[in-house]
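**Q** kindly return the folded structure for what I paste below:
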Amino acid sequence: MLTVRPVRISDLPVIEKMAVDSGIGVTSLPNNREKLYEKIQSSLGAFEHEAIAGTGREYYMFVLEDEGEVVGTASISASAGFEEPFYSYRSETMVHASRALQVNNRIHVLNMCHDLTGQIQLCGYFCAPKQQMRAYELLSRARLMYISAARARFGRRILVEMQGILDDNDQSPFWDAIGRRFFNMDFPQVEQAFAQRSKTFIAELMPTYPIYVPLLPDSAQNAIGQIHPDFERPFDILTREGFEADNYIDIFDGGAVLTAEVDQLFTLREQRMHRVEVAPVLPEGAVEMVISNHRSAEFAVTQARGVVVDEVLFMTPDTARVLALTSGQQACVAPLLPQAGRTAA
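**A** So this is what the prediction gives:
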């Protein structure tokens, strides 16, 4: 049975392997044992924090288990750029006009900004490629179920960065056209620096004036707002949740930055709380659903068959066991995501 739970110190070896397997695309999952250990320790403290409202500093790391084997990980940063600004490029249109020449041109420009600072950030996402789509979905949605369970700890807006287009040598056409001119570092090098050091170097070295998109090479222009093929599954899940590619792109590779209103996302909109009844045989009408125990430090979520009858959620003993629930307790239930191109009724 697929289950998502908070990370433990004992998960460090497998998290290390995932950091290697994820390559350069997941900067919040650094290939550095000490940094990963710090993230796990930070997560343990965040989950155990008893305050109703968070400070914004919290970092929550989860793992996906498949029959007891850890096969994925994902995280939440309660406030992007809590200690330093969260940089991105804002995509805008600038008008250049001359009444004398009767010219009125609309030019696509990119402005470095930190508009998204303070928003919730979904990050550190990696799932073993052999896993089916349902595993990817559960890992992604579990974070939203946790935000619901600890809603007072999180803000109103949420963002996710998508990795942009790279060539066969893991170089970014977008980075080569802009960042390399100021850093004299190739893309893998700067991604490594971003993952392990302070981000203030962005403000120190990157141009703060508008970037005129028509002046960039075609390869860089074509990369703006695009998604790396390895991120197509997460992108599909997030867009079905209700995330949208707004006017922001990643400052390094030009990949799309997705944003949303937290409470308007499908999982939070459609979830319901129900009293639990554990039954060896489920009543008629049981369907697959996402179920969480709606706790913090002992948080757990799974996808399993269940059925709601007269506001009571019937689940099997196996489901109750992985969620540490008994009859009479409360559980949070969300339906499966609508398929692409369809919306919930």
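**Q** quick check: the gap between the residue nearest the centre of the chain and residue 245.
**A** Closest to where the C-alpha atoms of the chain average out (C-alpha atoms, centre = their mean) is residue 122, at 2.8 Å. Residue 122 sits 14 Å away from residue 245, going by C-beta to C-beta, to the nearest Å. The way it works is simple: take the backbone N, C-alpha and C, and place the C-beta from them, glycine included.
**Q** and residue 93, by the same measure?
**A** Distance, residue 93 to residue 245, using C-beta to C-beta: 16 Å.
**Q** per-domain residue ranges of the chain.
**A** The chain breaks down by automatic domain parsing into domains covering 2-87+114-266, 271-334.
**Q** could the ones you listed go into JSON lines alongside distance to residue 97?
**A** Listed next are these as JSON lines, based on distance: least, C-beta to C-beta, whole Å:
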{"stretch": "domain 2-87+114-266", "distance to residue 97": "16"}
{"stretch": "domain 271-334", "distance to residue 97": "50"}
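**Q** rank these by mean pLDDT and give me the bottom one.
**A** Note on these: domain 2-87+114-266 shows the lowest mean pLDDT, a mean of 90.
**Q** distance from that one to the middle of the chain?
**A** Here domain 2-87+114-266 is found 6 Å from its chain centre; the criterion is C-alpha atoms, centre = their mean, to the nearest Å.
**Q** bridging residues for the residue nearest to residue 274 when sequence neighbours are not counted?
**A** Among residues not flanking residue 274 along the chain, residue 313 sits closest, at 3.8 Å (C-beta to C-beta, 6 or more residues apart in numbering). Per DSSP bridges, the residues bridged to residue 313 are residue 276, residue 308.
**Q** same check on residue 110?
**A** With DSSP bridges as the rule, residue 110 is bridged to residue 91, residue 211.
**Q** hmm, who's touching stretch 36-51?
**A** Applying C-beta atoms under 8 Å, 6 or more residues apart in numbering, the external contacts of stretch 36-51 come out as 6-9, 11-12, 15-16, 19, 29-30, 54, 58-61, 75, 78, 124, 296-297, 299.
**Q** before we move on, back to that, okay, residue 93 and residue 245: which has more neighbours?
**A** Neighbour tally, residue 93 and residue 245, criterion other C-beta atoms under 10 Å: the higher count belongs to residue 245, 19 against 9.
**Q** pretty sure that one contacts residue 257?
**A** Yes: in this structure residue 245 lies within contact range of residue 257 using C-beta atoms under 8 Å: 7.4 Å.
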